[in-house]
Structure formats: C-alpha cells, structure tokens
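K.L.:
got a predicted structure plus its sequence, pasted below:
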Amino acid sequence: VTLDLQEIYRPIADDLAGLYELLRRELRSDGPFVGELVEHVLASRGKLVRPALALLSAAAAGGADEQRLWLAGTVELIHIASLIHDDIIDQADRRRGNPSVNVQWGNQIAVLLGDLLFARAFDLISRVRHPAVAPAVAEAAVRMSQAEIKQLKYSGEPHAREEVYLEIIEGKTAALLAAACRAGALAGGATARQADALGAFGLRFGMAFQITDDTLDVAGAPEALGKPIGSDIEGGRVTLPVIHALRSASEADRAALERLLRASVDGERRSGSGQHAALRAILDRYGAIPYALGLARQYAAAAGEALAALPPSDARESLRGLAEFVVVRGR
C-alpha cells in the first residue's frame, strides 16, 4: 500500500474536489461578509480525513448518489465548526498556518461562525434519505461536546488515568470518524453487518489518529503538524505520553513533570523552549513516545481487521491505506 495521501484518496478525488464547491455554494447565500469568513476557513483544507472516510465508506459499500456529498459536507462542517470553537477556548492564534478566526475577527464573530457552520451541517444532513444517517451523526456531535467539557474539567490537572484520556479522545475525535464511516456505509447501501464493520473501522482509526496527533504534539515537527509543538501541554491537556511518564516515573521525575505541566498552563513556558526540552527528556526517559505510538499502531491494526467484512474494492484498499498512513505521518 502506498502511504501517500493523494494516492489513497484517488478513488474519491473528484468527490473531494466537488465537496468544496458544494460547501461554497451552500454557504455563499449567507451574505458577502459571511462569504469572506467562509473563504478564510475553507482555504486551509487540512487532510480532509472525515469527508474522505464518509466517501470511501459509501464507495466501499457500493456507491450512493449525491447524498454522499451532503454527508461528506456535514462531517467536514461539524469538524471545522468545532475547530473554530476550540481555537477560542485555547486562545489559539494560528490554525493550519493561517491566523485563526478568533484572532482575525474576534471571539464573537468566531462563536457565531461556528454556530452557522453547525446549522448548515444540520441542513445538509437533513437531505440524506436513509433514516439512520442523521441520528448517527447527531449522536457523534453530542459526544464531541461532552468530551470537550470533560477535557476542560481535567485540563491543568496532571493525572495518570489512561482510561479517562481514552474516553475523552473517543468522544472528541473517534466518535465523529466512526459516524462518518457508518453513515457513509448506510448511504451507500451497506448491509447492517457492513455498516457495523465500517463504524468499528472509523472508531479504531479515530483512536489511532488522535493518539498519534497527541504524541506528535510533544515529539513532532511544527510544519508537519500545522500547529505549534507543545500546544496541547500549554493548553493543560494531559495526553497519553504524559500519562505514561507520570505512571512510570520516579517520585522526583513525577514531581518535576507535574511542575512543568502546571507551569505551562500558567503561561510560564511562553518564554522559551527550555521547559519543552526538560519535558521531552522526562518523556524519553520512560519510553513515553514509543509507548503511545505502539498503542496507536494497535488501534490502526484493529481498524484494518474490521475491513474484512467488506467485498474487495479500491475504496476498501484506500481505507486500509489510511489506517497505515495514520501512524506514520509526521515522523
């Protein structure tokens, strides 16, 4: 399997190109200023993982007419809206290399733009005729909000509870990816067994995706991530490498690690990379990064196994390729 995103997306390349035309068309009617905001957020496309999963799942299940694009548009809008709101909460100033909406236009506009994109997502999904599609996506949107609230509750409080972290990322990331796959499958005419299998694929893929993302936050290069390194730590988020280190560390190292994490949240780390280096040294001492990436690989392998329920197709191989790609990107 070639681990090149463009190659993986080849079976749905036309659909992905059409997706942004659809979103522009849908959002253009909201007036010129809204048009300017929308152009800003659509200009930096990211990896398009969520719409790609919906489209590939529909194709792997046998097709789907224009409904597949409405579904792909829905999951992408929910994702973009949640990022806009996240940036307000995190007071982030960059998103994929561009100024964030909250920095460019202020928090009020950013909140309302996020709301508008959510509303447009509901409008799009209401057009998909399969009765189980909208409930699957709505449930994922609810779980995202619940997980974000839970993450805030635990932020800034160093803890070593892996199960809490896994619950948060399942709700925050994996649930929407699972819904994209399941809903794509249903829109594409899948059997119940195939829809379940694709839902399981999306959930496991989402876990691998988020664990890798969080690990690259402490181990990767900023240009590969599209955001500054250490931004999770700075936002007070306790991620898997940190949890593993806290759990394994000597008393002295654990105290030092907790001090570094609290200092980050209090804004002391803004002054330079010295504390990031100290943090990284403790993580390396306890094999925290290999541990986290190892768990991501397990989830990715389990995702690949779920695809056995589907008939052979280019789309199925692309899904398999995505599961392999997710754990090697940015390293």
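P.N.:
Looks like it came in fine. Numbers count the residues shown, from 1 in each chain.

K.L.:
average pLDDT for the helix ranked longest in the chain?
P.N.:
Counting by DSSP state H, the longest helix found in the chain is helix 192-219. The average pLDDT for helix 192-219 rounds to 95.

K.L.:
stretch 154-161 now?
P.N.:
Here the average pLDDT along stretch 154-161 is 86.

K.L.:
cool, stretch 41-56 as well?
P.N.:
91.

K.L.:
what does stretch 240-248 give?
P.N.:
Mean pLDDT, stretch 240-248: 96.

K.L.:
then stretch 305-313?
P.N.:
Averaging pLDDT along stretch 305-313 yields 96.

K.L.:
got a list of contacts for that stretch?
P.N.:
Applying C-beta atoms under 8 Å, 6 or more residues apart in numbering, the external contacts of stretch 305-313 come out as 59-61, 193-194, 196-198, 200-201, 204, 316, 319-320. Using the backbone N, CA and C atoms, a C-beta is placed for each residue, glycine as well.

K.L.:
please redo it, this time with the cut-off set to 10 Å
P.N.:
For stretch 305-313, the external contacting residues (C-beta atoms under 10 Å, 6 or more residues apart in numbering) are 11, 56-57, 59-62, 181, 185, 190-191, 193-205, 316-317, 319-320, 323.

K.L.:
and stretch 92-103, by the same measure?
P.N.:
In this structure, residues lying in contact with stretch 92-103 by C-beta under 10 Å, 6+ apart are 37, 40-41, 43-47, 80, 83-91, 104-105, 107-114, 222-223, 225-228, 231, 234-235.

K.L.:
quick one: end-to-end length of that stretch, please.
P.N.:
Taking C-alpha to C-alpha, to the nearest Å, the first and last residues of stretch 92-103 lie 8 Å apart.

K.L.:
so how far is it off the chain centroid?
P.N.:
17 Å (C-alpha atoms, centre = their mean, to the nearest Å).

K.L.:
buried ones in that stretch, by neighbour count?
P.N.:
With burial defined by 16 or more other C-beta atoms under 10 Å, the residues of stretch 92-103 counted as buried are A92, R94, R95, S100, V101, N102, V103.

K.L.:
tell me the first helix or strand C-terminal of whichever strand or helix holds D87.
P.N.:
Under the criterion of DSSP states H and E, D87 resides in helix 67-90. Next along the chain after helix 67-90, taking DSSP H and E as the criterion, comes strand 94-95.

K.L.:
what pairs with that next one, parallel or antiparallel?
P.N.:
Here strand 94-95 has these sheet partners by DSSP bridges: strand 98-99 (antiparallel).

K.L.:
could you give the mean pLDDT of the partner strand?
P.N.:
The average pLDDT for strand 98-99 rounds to 88.

K.L.:
for stretch 275-294, same thing?
P.N.:
Stretch 275-294 comes out at a mean pLDDT of 93.

K.L.:
pull the CA atoms of that stretch into PDB?
P.N.:
The C-alpha trace of stretch 275-294 is given here as PDB (Å, rounded to 0.1, in the frame of the first residue of the first chain):
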ATOM      1  CA  GLN A 275      10.900  23.700  29.500                       C
ATOM      2  CA  HIS A 276       9.800  21.800  26.400                       C
ATOM      3  CA  ALA A 277      13.300  20.200  26.300                       C
ATOM      4  CA  ALA A 278      13.000  19.300  30.000                       C
ATOM      5  CA  LEU A 279       9.600  17.800  29.500                       C
ATOM      6  CA  ARG A 280      10.900  15.800  26.500                       C
ATOM      7  CA  ALA A 281      13.800  14.500  28.500                       C
ATOM      8  CA  ILE A 282      11.500  13.000  31.100                       C
ATOM      9  CA  LEU A 283       9.200  11.500  28.400                       C
ATOM     10  CA  ASP A 284      12.200   9.900  26.700                       C
ATOM     11  CA  ARG A 285      13.500   8.500  30.000                       C
ATOM     12  CA  TYR A 286      10.300   6.400  30.400                       C
ATOM     13  CA  GLY A 287       9.800   5.500  26.700                       C
ATOM     14  CA  ALA A 288       6.600   7.500  26.700                       C
ATOM     15  CA  ILE A 289       6.600   8.300  23.000                       C
ATOM     16  CA  PRO A 290       7.200   4.700  21.700                       C
ATOM     17  CA  TYR A 291       4.600   3.500  24.200                       C
ATOM     18  CA  ALA A 292       1.900   5.900  22.900                       C
ATOM     19  CA  LEU A 293       2.800   5.200  19.200                       C
ATOM     20  CA  GLY A 294       2.700   1.500  19.900                       C
END
